[in-house]
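**Q** here is the input, now give the coordinates:
(one chain, ligands or ions: 2)
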Amino acid sequence: MPELSVAVFGTDNDQRAVLQVLVDGTSVARTVCSNASLPLAANDPVIRRTQGFLPDVILVDIAADTTTAALRAIELLHQELPDAAVFAIGSMTHPQLIVNAMRAGAREYIERPTTTTDLLEAFVRLTSTRRKPGREGSRGKVFTIINAKGGSGATTVAVNLALALQSVHHSTALVDLAPLGHCALHLNLKPSFTVSDAISNLHRLDSSLLDSFMSRHDGGLQVLAGSTVPALVEPSASDFARLFDTMVGVFHYIVVDASSRLDSATRLVSNLAEKVLLVAHADVASLWSAGRVAQYMGESGSRDRFALVLNRYRKVAGFNESETEAAIGAPVLWRIPNQYFAVSAAIDRGVPVIQQGNSEIARSIIGLAHYLTKDDLDVKRTAWSLFKTV
Ligand SMILES: Nc1ncnc2c1ncn2[C@@H]1O[C@H](COP(=O)(O)OP(=O)(O)OP(=O)(O)O)[C@@H](O)[C@H]1O
Ligand SMILES: [Mg+2]
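**A** Ligands and ions are numbered 1, 2, ... in the order given. As a prediction, this is how the structure comes out:
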């Protein structure tokens, strides 16, 4: 992720100082200027000065006693610096203020008092929308896989999807972020390093060091294995932002197995993702959990990227798919058949189903990989028919 330049506006000196510390604390952004005076007109010198800094983001603090002036400032800054994204910082207790700030041109409205995580998530949202195809086509796409409930099949989907993508594109990584990683077991790998090693070496992480932390599976899939012990000190969301920034520069596709990890790291990776696949079973408890997970994860803005994958799917009388989609707020993207013996034997042997010939479940996951990459021009050119031999 390129470092974002941030201009801060606010009449309250203490609040501006706090915002500067928070911005710099995200480690993906840097404060380039801090202004106590709010612009009053388009020709206000503070606007010209700010233009000179070429900010990517402008934070405007809306203090209780200067709301009108702050809203006017948002409008002017949005108009005079059209390439910068204006983020308003203000109280959440006045819905009309939020609406007015957005109408004036704020792209985000962030709660005051603010945290580094709030800002980081907003910065990541901004960069990930700017990276949509066509803007920075060379950066990799992330697919995040979360389960609605423990044991729904997130790891099975992540491992097989990553293998399917690798066999076509040859530049795929699987990152295991699960609380206790199982990907290496599914692939019969014995990793020497894990995600924790990559995170503790972020200060010098480049593509070759990253490569040395990854384990290579037979067909070339690169795996950044998960922790084998619960982490004593959880890395911060900005650590993960930096890790994934390096990864999207190296790999074309990155499949993340988050399994049942529901924290700021998964939220961050969901914000970075092209799609977040929520793996659920078509039963009441699983779908209820899917709704809760989608709501929690979607709070940070990634909700429109969520899609349901119904695993172990079979037709159940009375199961209404459109009602389910409406209740959860995410479409059913894929249905994966229930093949317990094939899947559990595959896990026991460490040879994923997709590598074991032409089963119904292998075809289903290949279809999912195909669907997820159908708009990628370079993938269209390569032969998806390769998979027919799987
Ligand atoms: N399509 C399927 N058909 C039948 N059984 C399946 C299928 N997918 C997964 N399973 C079974 O469900 C179990 C859990 O799968 P998996 O480990 O992939 O789930 P998970 O969501 O990653 O679980 P965890 O909460 O442990 O991370 C496995 O033992 C596997 O045998
Ligand atoms: Mg798992």
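**Q** for ligand 2, give me its nearest residue in the stretch 1-150 of the chain.
**A** Closest to ligand 2 within the stretch 1-150 of the chain is Asn147: 6.6 Å, counting by CB to the ion. Yep, even glycine has a C-beta here, placed from its N, CA and C like the rest.
**Q** give me the pLDDT for the nearest residue in space to that residue that is not next to it in sequence.
**A** Sequence neighbours aside, Ala154 is the residue nearest to Asn147 in space, at 3.8 Å (criterion: CB to CB, 6 or more residues apart in numbering). Here the pLDDT value assigned to Ala154 is 98.
**Q** if I look at Ala154, how far off is Pro235?
**A** 20 Å (CB to CB, to the nearest Å).
**Q** right, and the residue nearest to Asn147 touches Val279 too?
**A** Yes. In this structure, Ala154 is within contact of Val279 by CB atoms under 8 Å, at 4.7 Å.
**Q** any common contacting residues for the two?
**A** Counting by CB atoms under 8 Å, 6 or more residues apart in numbering, the contacts common to Ala154 and Val279 are Ile145, Ile146, Asn147.
**Q** sorry, back to before: residues contacting the residue nearest to Asn147?
**A** Counting by CB under 8 Å, 6+ apart, Ala154 touches Ile145, Ile146, Asn147, Ala178, Asp257, Ala258, Ser259, Ser260, Val279.
**Q** helices or strands next to the helix or strand Ile366 falls within in the packing?
**A** Following DSSP states H and E, one finds Ile366 within helix 360-372. With contacts defined as 3 or more CB pairs under 8 Å, 6 or more residues apart in numbering; DSSP states H and E, the packing partners of helix 360-372 are helix 154-169, strand 332-337.
**Q** turn the ones you listed into JSON lines, including distance to ligand 1.
**A** JSON lines is the format used below for the helices and strands packed on helix 360-372 (distance: least, CB to the nearest ligand atom, whole Å):
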{"stretch": "helix 154-169", "distance to ligand 1": "3"}
{"stretch": "strand 332-337", "distance to ligand 1": "5"}
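**Q** thinking again about what came up before, quick check: the residue of the stretch 1-150 of the chain closest to ligand 2 vs ligand 1, distance?
**A** 4 Å (CB to the nearest ligand atom, to the nearest Å).
**Q** tally of neighbours for Ala326?
**A** 10 (other CB atoms under 10 Å).
**Q** next: Ala342.
**A** If we define neighbours as other CB under 10 Å, then Ala342 has 16 of them.
**Q** that one contacts Asn358, correct?
**A** No. Using CB under 8 Å, Ala342 is not in contact with Asn358, being 11.5 Å away.
**Q** distance from the chain centre to whatever helix or strand Ala241 lives in, please.
**A** Here Ala241, judged by DSSP H and E, is contained in helix 237-250. Here helix 237-250 is found 10 Å from its chain centre; the criterion is CA atoms, centre = their mean, to the nearest Å.
**Q** and it, what does it pack onto?
**A** Looks like helix 237-250 contacts helix 116-130, strand 141-147, strand 172-176, helix 195-200, helix 207-213, strand 253-259, helix 264-272 (3+ CB pairs under 8 Å, 6+ apart).
**Q** now tell me what touches it from outside.
**A** Taking CB under 8 Å, 6+ apart as the rule, helix 237-250 contacts 1, 25-28, 116-117, 120-121, 124, 139-142, 173, 175, 195, 198-199, 202, 205-207, 210-211, 224, 254, 264-265, 267-269, 272.
**Q** also stretch 72-81?
**A** 9, 38-42, 44, 47, 50-51, 55, 58, 60, 84, 86, 88, 101, 104-106.
**Q** for PyMOL, write the select line for the buried members of these.
**A** Buried members of those can be picked out in PyMOL with the line below, counting by 16 or more other CB atoms under 10 Å:
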select buried, resi 9+38+39+44+47+50+55+58+60+84+86+88+101+104+105+106
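**Q** can you pull the contacts of Leu120?
**A** Each residue near Leu120 by CB under 8 Å, 6+ apart is listed here: Thr26, Val28, Ala237, Ser238, Ala241, Leu268.
**Q** got those as JSON lines, with distance to Val316 and neighbour count columns?
**A** Shown next, in JSON lines, are these (distance: CB to CB, whole Å; neighbours: other CB atoms under 10 Å):
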{"residue": "Thr26", "distance to Val316": "45", "neighbour count": "24"}
{"residue": "Val28", "distance to Val316": "45", "neighbour count": "20"}
{"residue": "Ala237", "distance to Val316": "38", "neighbour count": "23"}
{"residue": "Ser238", "distance to Val316": "43", "neighbour count": "23"}
{"residue": "Ala241", "distance to Val316": "40", "neighbour count": "24"}
{"residue": "Leu268", "distance to Val316": "35", "neighbour count": "25"}
